[in-house]
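**Student:** Just need the structure, nothing else, for what follows:
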Amino acid sequence: MHESLRYQHPVVRRHLASQYVLGSQSARVRRRFERLMQEDTELLAEVYKWQQVLTGLADTIPPKKAPEQVWKNLSAQIDPAPSQPSPSPTQRWSGLFSIWQLTTAVLVVLVATLLYIKPAEIQVGADYIALMDSDDADANPELLISAYLSNGQQPSRLQFEWNDRTPRTNIEGLTLFAIDKDSGAITNLGRIGDISRPMLMEKSQWAALKNSSELIIATGNDPSQGQIFRGPCVQIAQSG
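**Tutor:** Residues are numbered from 1 along each chain as shown. Prediction:
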């Protein structure tokens, strides 16, 4: 597909807008996307829509005083004492990785607040999330899907959490699909079981999710018919 036509695809536009608002784009992609927004007011409106979904989250989280050790660690990384030897490349990587983990944890808490989900119910370290809504949904997504890559001890899996501010729909027995972000091909990820338990994923299913722009929940084996929920799939952690 020609590059200019690719950016006109509604699925691609929603995916890029969500990535832009979440801050998960690379610097190069972000610069290109900002140029596109200057030329395309509808794309800018899509970004505003996502900002509306995520706006005000900071105000809904009660302030908490960070432990003193947190400030000491931040000060040490920002302005290390002259007497201390320069950290080795390995130590610097370790520090950056810790900051990345903290950023991911904060993002998960923000999404949990948006959906009125107790943060303790979501495992920190999700590699991808999808905010799912139905055609008749308001500004609030109704369902959060969190995807976790296998860590050697636990298999790759999906977890489902409902937005407590919206009515729940029985999705047990429905089918989950992934839309490829490059080709638009649709992959059947399997039937959804009891959502109180993780939905386990094979390697091929994970590969399809990893390269997807959007997820769909539908009845039967045809996502174009009987679609119940749909939402962009966004990477929030560097994973395999």
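**Student:** Give me the below-cutoff pLDDT ranges for this structure.
**Tutor:** Within the chain, the ranges that satisfy pLDDT under 70 run 1-7, 9, 11, 52-64, 77, 79-125, 136-140, 237-240.
**Student:** Longest strand in it, please.
**Tutor:** Using DSSP state E to assign secondary structure, the strand with the most residues in the chain is strand 227-235.
**Student:** Now do it: which elements does it pack against?
**Tutor:** Here strand 227-235 touches helix 10-22, strand 128-132, strand 143-148, strand 212-218, going by 3 or more C-beta pairs under 8 Å, 6 or more residues apart in numbering; DSSP states H and E. Heads up, the C-betas are built off the backbone N, CA and C, glycines and all.
**Student:** Could I get the ones you listed in a markdown table, plus columns for distance to Thr187 and mean neighbour count?
**Tutor:** Output for these, formatted as a markdown table (distance: least, C-beta to C-beta, whole Å; neighbours: other C-beta atoms under 10 Å):
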| stretch | distance to Thr187 | mean neighbour count |
| --- | --- | --- |
| helix 10-22 | 14 | 20 |
| strand 128-132 | 14 | 24 |
| strand 143-148 | 14 | 23 |
| strand 212-218 | 8 | 23 |
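**Student:** what's the closest of these to Leu200?
**Tutor:** strand 143-148 (10.4 Å; C-beta to C-beta).
**Student:** Now do the closest one and strand 227-235, the angle between them.
**Tutor:** Strand 143-148 runs at 40 degrees relative to strand 227-235, counting by axes from the mean of the first three to the mean of the last three C-alpha atoms, to 10 degrees.
**Student:** of all the helices and strands packed on strand 227-235, which lies closest to Glu202?
**Tutor:** Each of the helices and strands packed on strand 227-235 has some distance to Glu202 by C-beta to C-beta; the shortest is strand 143-148, at 13.2 Å.
**Student:** List the strands paired with the closest one, with their directions.
**Tutor:** The strands beside strand 143-148 in its sheet (DSSP bridges) come out as strand 128-132 (antiparallel), strand 157-162 (antiparallel).
**Student:** Please convert those strands to a markdown table, extending it with distance to Leu174.
**Tutor:** Formatted as a markdown table, the strands paired with strand 143-148 follow (distance: least, C-beta to C-beta, whole Å):
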| stretch | distance to Leu174 |
| --- | --- |
| strand 128-132 | 11 |
| strand 157-162 | 11 |
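**Student:** Quick one: closest of those to Gln38.
**Tutor:** Set against Gln38 and scored by C-beta to C-beta, the strands paired with strand 143-148 come closest in strand 128-132, at 26.2 Å.
**Student:** got JSON lines for the helices and strands packed on strand 227-235, with distance to Pro167 too?
**Tutor:** As requested, the helices and strands packed on strand 227-235 are exported to JSON lines (distance: least, C-beta to C-beta, whole Å):
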{"stretch": "helix 10-22", "distance to Pro167": "23"}
{"stretch": "strand 128-132", "distance to Pro167": "14"}
{"stretch": "strand 143-148", "distance to Pro167": "11"}
{"stretch": "strand 212-218", "distance to Pro167": "15"}
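**Student:** Which one of these lies nearest to Ala76?
**Tutor:** Ala76 lies closest, by C-beta to C-beta, to one member of these: helix 10-22, at 28.9 Å.
**Student:** Packing partners of whatever helix or strand comes next after the closest one?
**Tutor:** Heading C-terminal from helix 10-22, the first helix or strand you meet, by DSSP states H and E, is helix 27-39. Counting contacts by 3+ C-beta pairs under 8 Å, 6+ apart, helix 27-39 is packed against helix 10-22, helix 41-54.
**Student:** Identify whichever of those lies nearest to Arg35.
**Tutor:** Nearest to Arg35 among the helices and strands packed on helix 27-39 is helix 41-54 (10.6 Å), distances taken as C-beta to C-beta.
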